[in-house]
Structures are given as structure tokens and as C-alpha cells.
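Q: can't give you the sequence, but here's the structure:
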């Protein structure tokens with residue numbers, strides 16, 4: 001089972017070109033998921049009962065014994081009814097689950113029902129109590145036919161292009177998902193009906209959609225982890241995101257059998273082992289250096305490491321700081337932008353270059369262009385990474401750090417996060433804090449109202465106080481009401 005899991009989990013890198021011309025590289029499984037589940041996975045998970053039945057038949061002169069076909073039939077029935085029942089039962093109350101590939105499910109379910117009927121026919125109708133050679137060969141022939149039909153359903157070939165599709169919006173990701181259904185009614189956008197098969201005038205291939213969906217999912221995970229762990233750098237967040245995706249992705253029957261075997265034999269949880277390896281790797285990256293004279297080392301980093309700008313600002317300025325060491329040295333450090341939820345060329349200008357901190361300079365600014373458009377978007381972010389640090393003297397060529405101690409090092413934060421606030425929307429208004437605790441002797445309390453997801457135009461927001469456990473009318477607080485006026489581009 002472990003070897004089958006290794007074989008079917010092999011991946012390869014492919015390059016997909018998006019409709020806007022951007023080329024992205026991603027990894028895909030070499031084995032088709034449906035084919036592997038119906039062939040290697042099914043063979044590996046059913047190997048014990050198949051071998052037991054085979055040994056028994058051969059040992060009894062090709063006469064069925066007590067096990068016989070009932071062993072395999074019983075195992076299949078157990079898989080179909082009991083496992084499906086448990087999968088349905090364990091879904092928490094109030095939550096729903098949907099079959100990922102409904103068309104594949106229908107094909108395999110139809111073949112499963114046919115298999116029971118066919119087995120009954122050859123054992124009780126055609127030749128009662130005897131399995132003839134032609135029946136065995138025909139049964140064997142049905143298997144590749146089943147696999148091919150399931151693969152065709154999975155790849156959406158032949159009849160699929162004549163089927164009607166319907167579309168729904170994924171609430172969590174904001175993307176359009178295509179499913180089989182009734183006659184297409186189109187997608188309504190800004191009061192117009194659009195054909196969602198075409199994007200920017202070009203037909204979008206299904207593989208590109210799936211790759212883009214996977215990419216958006218990874219960006220969403222990275223964004224959530226960044227909010228939960230703001231102190232971690234990008235490499236650590238990527239490792240955590242990979243583990244999160246591994247623990248939440250769909251797993252094969254072979255994986256769960258291997259996992260159960262490891263747990264019963266004391267080998268441990270394979271996912272926890274993976275997490276431990278990642279933690280060990282992360283720790284090794286942050287091993288303590290030998291004691292070095294700190295006063296001779298220049299530390300290079302972003303200050304601050306987080307920037308916010310409006311979409312119409314034109315450019316955002318980032319600051320690289322040098323702290324400590326010999327300020328008479330000239331330092332070169334490269335920088336490069338990296339996509340987050342914001343994409344280069346669409347939301348900001350891809351930029352790479354070199355910051356030069358000349359003799360006596362302790363900080364240097366550089367700018368990155370922000371692209372403005374008239375399309376409403378969520379607030380997006382991208383990263384800027386420092387790398388390739390070099391130190392030179394006035395009479396020396398640029399050189400890397402060398403013994404006995406480095407002249408300069410990159411320290412955290414060496415990755416800056418730039419958040420682009422969309423200004424193509426009037427904004428969403430919220431309090432800075434949902435709950436505020438104050439002393440009754442404070443006199444006057446100030447409350448901040450934030451304007452996010454856009455800052456276009458002048459907006460007036462009315463407000464008034466409402467009694468809770470505290471009473472108004474001057475008893476616990478004075479009643480207050482009025483209007484807050486947010487001018488164009490004003491966010492607080």
C-alpha cells in the first residue's frame with residue numbers, strides 16, 4: 001500500500017499561460033485520480049481478500065470453498081454501504097458536503113450495481129454453481145471498460161461538451177464554479193448576461209481554471225496564516241501553508257490504510273512526522289551563530305515591514321534601514337517583488353533592482369508603482385524581498401561577507417508586505433474595536449471609525465448611542481447622535 005501511495009502521488013511541473021499572457025508554473029499529479037483509485041488503489045486495498053480467495057480456489061482444485069466469491073462481494077458491499085454511511089454520519093450538524101465529481105460517481109455507481117447483477121447472472125442463471133471460461137474473460141474485459149468510461153467522465157470528453165452546465169459562486173473564494181445541470185442561463189454581471197465560457201474574448205481551458213483555483217486557494221491560506229502569525233517570514237508561512245494543504249487535501253484509501261497501520265504499530269502519525277520535519281528544518285535555519293562582535297556587523301532590514309497604500313497613489317515608498325556596524329562601508333542589497341493576492345502587471349508593477357547604502361547612509365527609500373483601475377476589488381497585498389547582500393570598501397570591489405565575521409547581514413524583517421486598498425468603492429465602515437473598556441471617570445470617550453475596501457467619494461455616516469446595561473439620558477452616559485463625514489480618500 002505504501003508503494004502504491006508513492007507511485008500515485010508522483011507529480012510533475014507544467015507551465016500554464018493565463019488569458020492575459022502571464023505564464024505560471026504549477027505541479028500536477030501524473031496519475032489521474034479516478035484511474036488510480038479504480039486500478040492501483042482498488043487492487044491494493046482489496047489484495048488480501050483476492051489472494052485468500054485465489055489460494056482457496058487453487059488449493060481445492062478450482063472448486064469454491066467457504067470463502068469463494070462471497071468474500072470479495074462482501075468486501076465490496078461493506079465498502080459501498082458501510083463506509084458511505086459513516087461518511088454521511090460524521091458530517092457535523094448544520095454543514096453540508098458535495099460530491100466533487102458527480103459524473104464520475106454516477107459512472108462508478110452504475111458499474112457497481114451492474115457488477116452485482118452480472119455476478120448473480122453467471123452464478124445462478126447462465127451456469128448455476130459454475131464459472132465458465134467465457135464468463136471469467138468477459139468479466140475481466142468489463143474492468144478496463146469501466147476504467148475508461150470513468151476516465152472519460154472525469155476528463156469531460158465526448159458527450160460532456162453537449163451537456164448543459166450551470167454555474168454557482170463559491171462564497172469562500174469568490175470564483176465561479178461550473179457544474180453539470182440545466183440549460184445555461186448565463187451569469188449576470190452589472191445587469192448584463194455573459195457567457196462565462198469566455199474570458200477576455202478567449203476560451204479558458206479547464207486545466208487553467210483548476211490551476212488558477214488552486215493558486216487562489218494557496219494565496220488565501222497564506223493570507224490567513226499571515227494574519228495569525230505576523231512575526232513569521234514568507235518561507236515559514238509557505239511551509240505552514242504546504243502542511244495545511246497536505247492535511248486538508250483529499251486523500252486516497254491507501255493513505256488511510258497506511259495511516260491506520262502506522263498508528264496501530266506505534267510508528268506514529270505521518271502528518272505529525274511531516275510537521276516535525278518542517279519544524280526541525282525551520283529551527284535549523286535559525287540556529288544561533290557563533291559569537292560575533294555585534295558592533296562590527298551592519299544589520300539590514302525593512303522598517304517598517306508593513307505598508308498600506310490606496311490604489312490611486314501611483315507608487316509606494318519602501319525604506320531599507322542599516323543598523324550598527326561600520327557606516328563607512330557601502331552596502332548593496334537586491335530587492336524583488338513577489339505576488340501575494342495582488343498580481344504583477346495587473347495590480348502593481350513588477351520591480352527588481354539594487355538598493356545602495358553609501359558611506360554614512362543609514363536608510364534608503366525606493367518606490368514600486370501601483371496600477372490603478374476602475375474595477376472594484378478586495379484589498380490585496382504583495383511582498384518585497386531583500387537578497388544578495390554585498391559590502392564594499394572605497395578601494396575594494398564588491399564582495400560577499402567573509403571570515404572571521406560578516407560585515408553585514410540580513411535580519412528579520414527582510415520581507416515587506418504591501419497592502420493595496422481599493423479606492424473604487426465607497427468603502428465599508430467599521431469600528432476600530434468591537435468592545436472598548438473604559439473607566440467612568442474618563443469624561444469623554446473617543447471612538448475611531450475605519451473605512452476599508454475603498455475610499456472613493458464623500459460619504460456621510462449617521463451614528464447614535466443605544467442603551468445596553470448602561471442607561472442614557474445622563475444617568476450613565478449622555479445621549480449622542482450626529483453624522484460623520486468622510487471626504488474623498490479619507491479612511492479614518
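A: Yep, that arrived. This one's a predicted model, so the numbers in the text were calculated from it and none came from an experiment. Numbers count the residues shown, from 1 in each chain.
Q: against which helices or strands is the longest strand along the chain packed?
A: Criterion DSSP state E: the longest strand present in the chain is strand 380-392. Here strand 380-392 touches strand 298-302, strand 330-339, strand 408-410, strand 415-421, going by 3 or more Cβ pairs under 8 Å, 6 or more residues apart in numbering; DSSP states H and E. All C-beta atoms are positioned from the backbone trio N, CA, C, and that covers glycine.
Q: can you lay out these as JSON lines showing mean neighbour count and distance to residue 310?
A: Converted to JSON lines, the helices and strands packed on strand 380-392 look like this (neighbours: other Cβ atoms under 10 Å; distance: least, Cβ to Cβ, whole Å):
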{"stretch": "strand 298-302", "mean neighbour count": "20", "distance to residue 310": "20"}
{"stretch": "strand 330-339", "mean neighbour count": "18", "distance to residue 310": "18"}
{"stretch": "strand 408-410", "mean neighbour count": "19", "distance to residue 310": "30"}
{"stretch": "strand 415-421", "mean neighbour count": "21", "distance to residue 310": "5"}
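Q: right, and those - which one's nearest residue 35?
A: strand 330-339 (33.1 Å; Cβ to Cβ).
Q: give me the residues contacting the helix or strand following that closest one.
A: Next helix or strand after strand 330-339 toward the C-terminus (DSSP states H and E): strand 352-357. For strand 352-357, the external contacting residues (Cβ atoms under 8 Å, 6 or more residues apart in numbering) are 300, 320, 322, 330-337, 363-364, 366.
Q: what about 6 Å?
A: 320, 322, 331-334, 336, 364, 366 (Cβ atoms under 6 Å, 6 or more residues apart in numbering).
Q: over to stretch 329-343?
A: 219, 300, 348, 350-352, 354-359, 380-392, 408, 420.
Q: got a quick ChimeraX command for the buried subset of those?
A: Buried subset of those, written as a ChimeraX selection, criterion 16 or more other Cβ atoms under 10 Å:
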select :219,300,348,351,355,357,380,381,382,383,384,385,386,389,390,391,392,408,420
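Q: ok so, going back, identify the farthest-apart pair in the contacts of strand 352-357.
A: Farthest pair in these, by Cβ to Cβ: 322 and 336, 19.2 Å.
Q: re the thing from before, now the angle between strand 298-302 and the longest strand of the chain, please.
A: On the basis of axes from the mean of the first three to the mean of the last three Cα atoms, to 10 degrees, strand 380-392 is oriented at 160 degrees to strand 298-302.
Q: got the angle between strand 380-392 and strand 330-339?
A: For strand 380-392 against strand 330-339, the angle by the same axes, to 10 degrees is 160 degrees.
Q: show me which of the contacts of strand 352-357 is closest to residue 57.
A: Among these, and counting by Cβ to Cβ, the member closest to residue 57 is residue 336, at 65.6 Å.
Q: quick check: beta-bridge partners of that closest one?
A: Here residue 336 shows beta-bridge partners residue 352, residue 385, assigned using DSSP bridges.
Q: quick one, grab the pLDDT at it.
A: pLDDT for residue 336: 89.
Q: against residue 354, how distant is it?
A: 10 Å (Cβ to Cβ, to the nearest Å).
Q: domain ranges for the chain?
A: Domain segmentation of the chain under the TED database yields 32-155, 209-284, 298-393+406-421, 427-491.
Q: quick one: residue 486 and residue 451 touch, right?
A: Yes: the pair residue 486 and residue 451 qualifies as a contact (Cβ atoms under 6 Å) at a distance of 5.5 Å.
Q: if I look at residue 252, what pLDDT would I see?
A: 57.
Q: now do the one 10 residues further on
A: Model confidence at residue 262, given as pLDDT, is 61.
Q: can you check residue 145 too?
A: In this model, residue 145 carries a pLDDT of 90.
Q: show me what the host helix or strand of it packs onto, helices and strands only.
A: In this assignment (DSSP H and E), residue 145 forms part of helix 133-155. Contacts defined by 3 or more Cβ pairs under 6 Å, 6 or more residues apart in numbering; DSSP states H and E place helix 133-155 against helix 33-36, helix 102-121.
Q: tell me where the chain has helices.
A: 2-8, 33-36, 42-59, 68-77, 84-89, 102-121, 133-155, 206-228, 234-248, 253-265, 270-285 (DSSP state H).
Q: quickly, which of those helices bottoms out on average pLDDT?
A: Looking at the helices of the chain, the bottom one is helix 270-285 with a mean of 53.
Q: looking at the sheet around residue 463, what are its partners?
A: On the basis of DSSP bridges, residue 463 is bridged to residue 482.
Q: and it, how many residues sit next to it?
A: Residues contacting residue 463 under the criterion other Cβ atoms under 10 Å number 12.
Q: cool, and residue 120?
A: Residue 120: 11 neighbours (other Cβ under 10 Å).
Q: for it, what are its contacts?
A: Residue 120 neighbours (Cβ under 6 Å, 6+ apart): none.
Q: same thing but at 10 Å, please
A: With contact set as Cβ atoms under 10 Å, 6 or more residues apart in numbering, residue 120 has these partners: residue 73.
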